[in-house]
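Q: the sequence and its predicted three-dimensional model are supplied below.
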Amino acid sequence: MTATTAPAIPGQAEPVAEISHEHGSRIITALEGAWAAIRAQHPEVPHVLMITGTGQSRTGITWGHFGEKRWTVETSIGTIGGRTHELFAGGELLSLGGLRTMQTLLHEAAHALASVRQIKDTSSDGRYHNKRFVALAVELGLIGPEVSVPVHGWNNCAITDAAAERYADVIATLDAARLPYVHHPMAAILGQGTRPTTGGDAEGTSEGEPTAGGEGKQPGGDGDAPQQPKKRPTRFLVICGCIERDEDGNPKLDKNGREKPGRAIQVSRKSWEFGTTEDGDEGGLMCGRCREPFRKADAD
């Protein structure tokens, strides 16, 4: 693959004491340019609608996430033209420098490629990354981890030297742009960034002990540094495809109008996770009647 160049990013206005409207457009222009560079190397990666903002939440920091077909696009006459994907890059990510930003964009591009190819690359609401995700990430220029981690699986993929060289101009352009960022006192440590940053003296910086977060496909984050998970119940119900029916053979409905499951089994989390495969298929329990796998009755 050939080296990829990046489009010019508008320079930072002087002075910067007053924040001007062009700063937001500079960020989006830079991120769109980096994504275009990825698509130049991998045309199968889809177009996205780029957004940014703070990635901080009470569960950690989300560096980025890919959202499949989240935005509705209208035509010039007001009819629905289709739906497009979302790519979020956190303001904290921008504080880590061009190399780390490019790594996250490649991570999210792997999710985007999975969407195009209809590959199930995650489970547990997008948190657990399986080995199918790793294969896509490697294809795009990342290297997979040696071991998986609880909750997030094989998500901790790092950019290779070859990919860093391939996107060297893009990375240099991101660094030279000196884009605005969201300061977090632990971001450089958690995200292993290379850009020296400070929080300035502005109000609104985070207080208290932060927790790790990361790249994510769904809200809540599922990134390359594991989050502190919420305390979850040790036992829960799992159901299969069996449906409870009345004497006429019609499905019975619950108070919410949903079909009542014919079988509901309580299992321990330890037993459930023991049956989860490296590909992310959860539980490993099969119903002998309907021949469908059991699944959680309610998401965690």
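A: On my side now, so go ahead.
Q: excluding chain neighbours, what is closest to His23?
A: Among residues not flanking His23 along the chain, Pro180 sits closest, at 5.1 Å (CB to CB, 6 or more residues apart in numbering). (C-beta placed from N, C-alpha, C; glycine too.)
Q: helix/strand/coil for the one you found?
A: Secondary structure, DSSP: H, G, I helix; E, B strand; the rest coil: Pro180 is coil.
Q: burial of it, as a residue count?
A: For Pro180, the number of neighbouring residues by other CB atoms under 10 Å comes to 16.
Q: so it touches Leu94, yeah?
A: Yes: the pair Pro180 / Leu94 is scored as a contact, 7.2 Å apart, by CB atoms under 8 Å.
Q: joint contacts of those two?
A: Common contacts of Pro180 and Leu94 (CB atoms under 8 Å, 6 or more residues apart in numbering): Ile27.
Q: picking that back up, contact partners for the residue nearest to His23?
A: For Pro180, the contact set (CB under 8 Å, 6+ apart) comprises 19, 23, 26-27, 91, 94.
Q: and the pLDDT at it?
A: Note for Pro180: predicted pLDDT of 90.
Q: now do it against Ile28, distance only.
A: Distance of Pro180 to Ile28, computed by CB to CB, to the nearest Å: 12 Å.
Q: for Pro261, see how far away Leu285 is.
A: 14 Å.
Q: which stretches of the stretch 51-200 of the chain form helices?
A: Ranges of helices within the stretch 51-200 of the chain are 91-94, 98-117, 131-140, 161-166, 168-177, 187-191, based on DSSP state H, counting those that start in this stretch.
Q: so which bits of the third one are buried?
A: Right, the one you point to is helix 131-140. By 16 or more other CB atoms under 10 Å, the buried positions in helix 131-140 come out as 131-134, 136-137, 140.
Q: which residues touch that helix?
A: Counting by CB under 8 Å, 6+ apart, 38, 42, 45, 106-107, 109-111, 113-114, 119-122, 143-145, 153-155, 157, 163, 278-280 sit against helix 131-140.
Q: I'd like to know which of the residues you listed are buried.
A: 38, 42, 45, 106-107, 109-111, 113-114, 119, 121-122, 143-145, 153-155, 157, 163, 280.
Q: per-residue pLDDT of Asp300, please?
A: Asp300 carries a pLDDT value of 57.
Q: buried ones in stretch 264-282, by neighbour count?
A: Buried, per 16+ other CB under 10 Å, within stretch 264-282: 267, 272, 276, 280, 282.
Q: state the mean pLDDT of that stretch.
A: Per-residue scores along stretch 264-282 average to 76.
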